[in-house]
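Q: next comes the sequence, and after it the predicted model I'd like to discuss.
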Amino acid sequence: MDRVFIVGVGMTKIGRFYDKSGRQLFSEAITSAINDAGGIKPQALVVGNMTSSVLMEQDSLGALLADYSGLRGIPAFKVEAACGSGGAAFYAGYSLVRSGMADIVAVGGLEKLTENLTSAVTKALALAADQEYEVFYGASFTGLNALVARAYMNKYGYTREDMAYWPLRMHEYASKNPYAQLPRKTTIERILNSPVIADPLHLFDCSPIGDGAAAVILVRGEEKAREIAKATGRDILVEVKGIGMATDSVDLGSRRDLLTLDSTVKASRTAYRMAGVEPRNIEYLEVHDAFHITGYLALEDLGFTGKGKAVKEWREGRFAKGDKPEVNLSGGLKARGHPVGATGVYQIAEATLQLRGEFPGEKASDPVIAATQNIGGVGTFTTVTILTRVK
Amino acid sequence: MRFSIPRFWRERVSHYRLEATKCRVCGKINYPPSNICRYCGSSDVEKVYLDNEYGRLITWTIIHTVPEGFDEQRPRIIGIVELVDSKVRILAPVTDVLPEELEENMLLEPVLRRINEDGEAGLIHYGIAYRPVIKTIGDKD
Ligand SMILES: [Zn+2]
């Protein structure tokens, strides 16, 4: 079996870039990933993106971005899985390398949101939901997550204040991350008093709307990975040890259990089995906290704690820097930012940098095994990846 | 006009009468309806209608930042309602109620309401919303 390694990563800062087009942002991210990998040229490109058709009014994204990244001619295509597009693109890119279709593959993610009206962005993001039976009635994407948040808070007796410790910690970590959209600390009071978006979710319970691009370079075989590591002055490799993807219904009404992300349960089991690890082995974790509720559900459904316990344990200090696993030292979607289809690629780039000891923000405590979880919709898609450091 | 007319014409019965499909193999009711059972994969299904059932409010949200096209209906209350007999869960607007009156498990009844309109010259979309049942009628408690 051929092993797959991540040999280069690149990210742009997340924010509002009125002066840069999507293709410019993307070319910056992929150029830094290629440089990070010692200048090797990808033989194929897979791009994660959700809203280009609607908000950039641009299809043919794979070819466009390959062309403006100096890669005209190579196989290139977009993968869409709503907010989980980045993870799904990585799943496709990994498969190309693992199968032998290509030896060197770039996986990128791009989202360009901020130059549109908020109501247009709200509508575009709601395309993740069932148009004919959810959005038809005026449900927004935040509203759908709010339905889950209220059901969770009612069932386990948590208050808005209990839930607010997620965003509090994310802002603290993001304050050290040079790529973060919201690199500043906040307070419980400010979180609780922020404007309501879809009750019980207020602005500070939600990830911000931002533009961003990220890319990683995958290669097949330890020999090639060693050669690149040597050329770039590194003595460690980062290997993709496991990957799993699963889906659930798009609509919330027909879910088996409104408070379990079944796709996360299934994807993580597949990834753990492939990597030969269990949750207790994982030292570093990036989860998809588009809203505080999805962050807490991720910890439960990935197997790090029992149902209904994540909020209590988090508030008591679990999953913080120094614990096992350390979670979202990037600041998470909440404060690093959530450039929708790029987010899953950001998570993988960040976990790679943590394994190398090169993350430029809050550093993890020398992890060897890391995991990322990227969801699309309210758990409609999940991709889980397991990365390990190899000496 | 921004929306295709066939899209809404096609769904009128499932929007107006909550047309669903019941699987003859596993017995589950699929709403939204599906020709292939979403729970067991069987294609042996029959049509059923769910618009004559009361429901209980499972969870709800009060949406202040609404999607394009719903600006005049702010804030908008959306709930997930579990029907009392079939146990099917329906996502729908909750109407004729103030946000502070909403309670978990409150008894609701279906009512046909205008949901939205496609600009000044386009279709008016109707669908089922749920409103509180007045305590003295219908309910056992
Ligand atoms: Zn069935």
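A: Everything's here; your move.

Q: and for the closest residue to the ion within the stretch 251-391 of chain A, nearest residue in space, chain neighbours not counted?
A: Nearest to the ion, among the residues of the stretch 251-391 of chain A, is A:S254, at 12.0 Å (CB to the ion). Where C-beta positions appear, they are placed from N, C-alpha and C, glycine not excepted. Distances taken as CB to CB, 6 or more residues apart in numbering or on different chains place B:R38 nearest to A:S254, at 6.4 Å, with adjacent residues excluded.

Q: count the neighbours of the one you found for me.
A: By other CB atoms under 10 Å in any protein chain shown, 16 other residues sit near B:R38.

Q: just A:T187 next, same as before
A: A:T187: 12 surrounding residues under other CB under 10 Å.

Q: state the pLDDT value of the closest residue to it other than its chain neighbours.
A: Spatial nearest neighbour of A:T187, chain neighbours left out: A:L168 (7.4 Å); criterion: CB to CB, 6+ apart. pLDDT recorded at A:L168 is 98.

Q: same deal with B:T136?
A: Reading off the model, B:T136 has pLDDT 60.

Q: any idea what the residue nearest to the spatial centre of chain B is bridged to?
A: For chain B, the residue nearest the mean C-alpha position is B:A92 (3.8 Å; CA atoms, centre = their mean). Beta-bridge pairing for B:A92 (DSSP bridges): B:G79.

Q: which parts of the stretch 1-150 of chain A sit against chain B?
A: A:117-120, A:122-123, A:126, A:130, A:132-140, A:142-144, A:146-148, A:150 (CB under 8 Å from any CB of the partner chain).

Q: out of those residues, who's near the ion?
A: Among those, not one lies near the ion by CB under 5 Å from the ion.

Q: of these, just the buried ones, PyMOL syntax please.
A: In PyMOL, this line selects whichever of the residues of the stretch 1-150 of chain A next to chain B come out buried by 16 or more other CB atoms under 10 Å in any protein chain shown:
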select buried, chain A and resi 119+120+122+123+126+130+133+134+135+136+137+138+139+140+142+143+144+146+147+148+150
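
Q: now, which of the residues of the stretch 1-150 of chain A next to chain B lie within helices?
A: Among those, the members falling in helices (DSSP state H) are A:T118, A:S119, A:A120, A:T122, A:K123, A:T142, A:G143, A:L144, A:A146, A:L147, A:V148, A:R150.

Q: gap between the first one and B:V66?
A: Taking CB to CB, to the nearest Å as the measure, A:T118 falls 10 Å from B:V66.

Q: show residues contacting stretch A:166-173.
A: Residues outside stretch A:166-173 that contact it (CB atoms under 8 Å, 6 or more residues apart in numbering or on different chains): A:182, A:184-188, A:191, A:204-205, A:289, A:292, A:295-296, A:314, A:320-321, A:328-332, A:334-336, A:361-362.

Q: in its sheet, what does the lengthiest strand in chain B sit against?
A: Secondary structure assigned by DSSP state E gives strand B:107-117 as the longest strand of chain B. Sheet pairing of strand B:107-117 (DSSP bridges) gives strand B:55-63 (antiparallel), strand B:124-132 (antiparallel).

Q: deepest of those strands, which one?
A: strand B:55-63 (a mean of 25; mean count of other CB atoms under 10 Å in any protein chain shown).

Q: need the pLDDT of residue 8.
A: Here I'm looking at chain A. pLDDT, read off for A:G8, is 98.

Q: not quite, I wanted chain B
A: 85.

Q: that one contacts B:H125, correct?
A: Yes: under the criterion of CB atoms under 8 Å, B:F8 is in contact with B:H125, at a separation of 5.9 Å.

Q: and for these two, which residues touch both?
A: Counting by CB under 8 Å, 6+ apart, the contacts common to B:F8 and B:H125 are B:H15.

Q: just the helices in chain B please.
A: B:5-10, B:12-16.

Q: and among these, the most buried is which?
A: Comparing those by mean neighbour count (mean count of other CB under 10 Å), helix B:12-16 ranks first with a mean of 17.

Q: ok, and the helix or strand in chain A with the lowest average confidence?
A: Sorting the helices and strands of chain A by mean pLDDT, DSSP states H and E puts helix A:118-125 at the bottom, at a mean of 89.

Q: relative to the whole chain's centre, how far out is it?
A: 20 Å (CA atoms, centre = their mean, to the nearest Å).

Q: who are the packing partners of it?
A: If you count contacts as 3 or more CB pairs under 8 Å, 6 or more residues apart in numbering or on different chains; DSSP states H and E, helix A:118-125 packs onto helix A:141-156.

Q: put the alpha carbons of the helix it packs on into PDB.
A: Provided in PDB are the C-alpha atoms of helix A:141-156 (Å, rounded to 0.1, in the frame of the first residue of the first chain):
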ATOM      1  CA  PHE A 141     -28.700  28.200   8.000                       C
ATOM      2  CA  THR A 142     -28.100  29.800  11.300                       C
ATOM      3  CA  GLY A 143     -31.800  29.200  12.100                       C
ATOM      4  CA  LEU A 144     -31.400  25.500  11.500                       C
ATOM      5  CA  ASN A 145     -28.400  25.300  13.800                       C
ATOM      6  CA  ALA A 146     -30.400  27.300  16.300                       C
ATOM      7  CA  LEU A 147     -33.100  24.600  16.300                       C
ATOM      8  CA  VAL A 148     -30.500  22.000  17.300                       C
ATOM      9  CA  ALA A 149     -28.900  24.400  19.900                       C
ATOM     10  CA  ARG A 150     -32.300  25.000  21.600                       C
ATOM     11  CA  ALA A 151     -33.100  21.300  21.700                       C
ATOM     12  CA  TYR A 152     -29.700  20.500  23.200                       C
ATOM     13  CA  MET A 153     -29.900  23.300  25.800                       C
ATOM     14  CA  ASN A 154     -33.500  22.200  26.800                       C
ATOM     15  CA  LYS A 155     -32.600  18.500  27.000                       C
ATOM     16  CA  TYR A 156     -29.500  19.000  29.100                       C
END
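
Q: which helix or strand lies directly C-terminal to that helix?
A: helix A:160-163 (DSSP states H and E).

Q: got the residues of chain B near the ion?
A: Going by CB under 5 Å from the ion, the residues of chain B near the ion are B:C23, B:V25, B:C26, B:C37, B:Y39, B:C40, B:S42.

Q: please repeat the previous calculation with a cut-off of 6 Å.
A: Applying CB under 6 Å from the ion, we find that chain B lies next to the ion at B:C23, B:V25, B:C26, B:K28, B:C37, B:Y39, B:C40, B:S42.

Q: list the ones among the residues you listed that fall in strands.
A: Going by DSSP E, the strands hold B:C23 from these.

Q: show the buried residues in the residues of chain B next to the ion.
A: Buried among the residues of chain B next to the ion by 16+ other CB under 10 Å: B:C23, B:K28, B:C37.

Q: could you list every residue that touches the first one?
A: The reference is to B:C23. The neighbours of B:C23, taking CB under 8 Å, 6+ apart as the test, are B:I29, B:N30, B:C37, B:Y39, B:C40, B:S42, B:D44, B:V45.

Q: wait, what's in contact with the nearest residue to it once chain neighbours are set aside?
A: Nearest residue to B:C23, sequence neighbours excluded (CB to CB, 6+ apart): B:C37, at 3.9 Å. By CB under 8 Å, 6+ apart, the contact set of B:C37 is B:T21, B:C23, B:V25, B:C26, B:K28, B:N30, B:S43, B:D44, B:V45.

Q: max pairwise distance over those: which two?
A: In those, two members sit farther apart than any others by CB to CB. They are B:K28 and B:S43, at 13.7 Å.
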